[in-house]
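> Sequence isn't available, so here's the structure alone:
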């Protein structure tokens, strides 16, 4: 072999070796890519399937809430969990999709307790292909009595200002106005939770906004850190609450009151005392007595106003409804047993703080019937005028202003005038926390349901989804 001349067999061997190495590398690469591709596909299918399943479960919550709200019947009194009708395995086809859901409603075991708001646990299992996901939600019906302030029209300017403190929920179907004159947030208005049916709140400095601190404004609605979380603490565009429904409901309770023997005619002044109402038609008329034992609904029929106050605490809870305006002639105490529940005073017209004749030197009825509004007043009740307002008969007196405190809640179509320039009365609601669990007798459910907790893929501690767990 001549020097410099390569062996053809050696060259072919080298090429085959390189080709073999490249083939092995390509095989490894293609196998790796195939494995990676399959892993990605499987991961995508797993993620997609779980996402579709949880979406189905969440759709089931909406279906269950619709079923519960239908008919304004409040909480189911039966305590046994039940599934909404589906196929033989309880699966319901989710409209417009290829997912299915199993919906279980588990009513609260104490729903049968009188005047309890109660609730239910909704458990939904979403199914897509072979994937399942669960959602567990606790809900309760929305009663108008659960609010510190429930107002059909707006919350006026000057009410939610520096120093205002509302420790219960507030809702208005109209405009809610905030204002502050302080440069920082230390004294700005505080409201535990607030919602409006409009798209924005109004800020005296900053105009309309849907956030608790508009840019450029000196107002920070407290507690700011909670409000910026949004619903349920801070909500715009909330569902309107139906004041026409409330008015009609209370007006039509007359037959129920008659069945209980709780109808009152021809009354001018009423005193709540122990287990009775003391009733007088005129200053020289005899006293009538209505025993309230066994009655939780009292109904005054008449066009003229009725004056009402209490002497001591009532023995039992009730709702008092008047077809005319109710004049508050003194403080009204709650029941002697704090666990008994909450009373309510309802007017189908206005709630009026009566003028004390003593302010002007006028004459009045003798004790115990005289009007006693010459001192600070407290009403331990829910005060409702779904087609009226709360106002002072004479907002110019007393001078200086006295406090008019409602330890409970208010339901009003609008606000009237209770004071002028430091005179009259300063209205304040000290929300009764018991209203989260109890409502006054014969109050209507508003149809909507309030979500109190939401949990994905809960641990049932070995129980099946349709067992009694609430």
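Arrived safely, thanks for sending. Just so you know, these numbers come straight off a predicted model, no measurement behind them.
> State the distance from residue 402 to residue 422.
Distance check for residue 402 against residue 422: by CB to CB, to the nearest Å, it reads 11 Å. Heads up, the C-betas are built off the backbone N, CA and C, glycines and all.
> Local confidence estimate at the residue nearest the centre of the chain?
Central residue check for the chain by CA atoms, centre = their mean: the C-alpha nearest the mean position is that of residue 142, 5.3 Å away. Reading off the per-residue confidence, residue 142 sits at a pLDDT of 90.
> same question, the one 3 residues further on
The score at residue 145 is 96. That number is its pLDDT.
> mind checking the SS state of it?
Here residue 145 is recorded as helix under DSSP: H, G, I helix; E, B strand; the rest coil.
> what do you get for residue 31?
Three-state secondary structure (criterion: three-state DSSP) places residue 31 in helix.
> how near is it to residue 19?
If you measure residue 31 against residue 19 using CB to CB, the figure is 18 Å.
> Need the three-state assignment for residue 63.
In terms of secondary structure, residue 63 is helix; the call rests on three-state DSSP.
> What number of residues are in the vicinity of it?
Here the neighbour count serves as a burial measure; for residue 63 (other CB atoms under 10 Å) it reads 17.
> you'd agree it is up against residue 103?
Yes: with contact defined as CB atoms under 8 Å, residue 63 and residue 103 form a contacting pair (6.1 Å).
> Please enumerate the helices of the stretch 251-400 of the chain.
Remark: helices assigned in the stretch 251-400 of the chain by DSSP state H, counting those that start in this stretch are 254-260.
> who touches both of residue 63 and residue 103?
Here residue 63 and residue 103 share the contacting residues 84, 92, scored by CB atoms under 8 Å, 6 or more residues apart in numbering.
> before we move on, the earlier item: who are the neighbours in contact with the residue nearest to the centre of the chain?
Taking CB under 8 Å, 6+ apart as the definition, contacts of residue 142 comprise 241, 445, 446, 447, 448, 449, 450.
> Determine the longest strand present in the chain.
Looking across the chain with DSSP state E, the single longest strand is strand 402-415.
> quick one: strands adjacent to it?
Paired strands of strand 402-415, with direction, are strand 149-151 (parallel), strand 377-379 (parallel), strand 382-392 (parallel), strand 423-431 (parallel) (DSSP bridges).
> Take those and write them to JSON lines, including distance to residue 269.
Compiled in JSON lines, those are given as follows (distance: least, CB to CB, whole Å):
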{"stretch": "strand 149-151", "distance to residue 269": "29"}
{"stretch": "strand 377-379", "distance to residue 269": "16"}
{"stretch": "strand 382-392", "distance to residue 269": "18"}
{"stretch": "strand 423-431", "distance to residue 269": "20"}
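> closest one to residue 110 among those?
Closest approach to residue 110 among the strands paired with strand 402-415 (CB to CB): strand 382-392, 21.3 Å.
> Show the average pLDDT along the closest one.
The average pLDDT for strand 382-392 rounds to 97.
> gap between it and the chain center?
Averaging C-alpha positions (CA atoms, centre = their mean, to the nearest Å) puts strand 382-392 20 Å from its chain's average.
> ok, now stretch 245-254?
The offset between the C-alpha centroid of stretch 245-254 and the centroid of the whole chain comes to 21 Å, using CA atoms, centre = their mean.
> again with stretch 94-102
So, by CA atoms, centre = their mean, the centroid of stretch 94-102 is 30 Å from its chain's centroid.
> where does the stretch 51-200 of the chain have low pLDDT?
Low-confidence regions of the stretch 51-200 of the chain, defined by pLDDT under 70, span residues 71-74.
> repeat that for 50
Residues of the stretch 51-200 of the chain meeting the criterion pLDDT under 50: none.
> where does residue 248 fall, phi/psi-wise?
Note on residue 248: backbone dihedrals following degrees, to the nearest 10 are phi -60, psi -40.
> brain fart, residue 374
For residue 374, the backbone dihedrals (degrees, to the nearest 10) come out as phi -90, psi 10.
> Quick check: the gap between it and residue 360.
With the distance defined as CB to CB, residue 374 ends up 11 Å from residue 360.
> Residue 391 contacts residue 416, doesn't it?
Yes: taking contact to mean CB under 8 Å, the distance of 2.7 Å between residue 391 and residue 416 places them in contact.
> Next, show the common contact partners of the two.
Residues touching both residue 391 and residue 416 by CB under 8 Å, 6+ apart: residue 350.
> Settle it for me: which of those two has more neighbours?
Regarding residue 391 and residue 416, a neighbour count based on other CB under 10 Å identifies residue 391 as having more, with 22 against 18.
> Could you chop this structure up by domain?
Taking automatic domain parsing as the reference, the chain has its domains at 48-137+451-456, 145-235, 243-444.
> any chance of those domains in JSON lines, plus distance to residue 468?
Shown next, in JSON lines, are the domains of the chain (distance: least, CB to CB, whole Å):
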{"stretch": "domain 48-137+451-456", "distance to residue 468": "5"}
{"stretch": "domain 145-235", "distance to residue 468": "26"}
{"stretch": "domain 243-444", "distance to residue 468": "20"}
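> Good, wrapping up.
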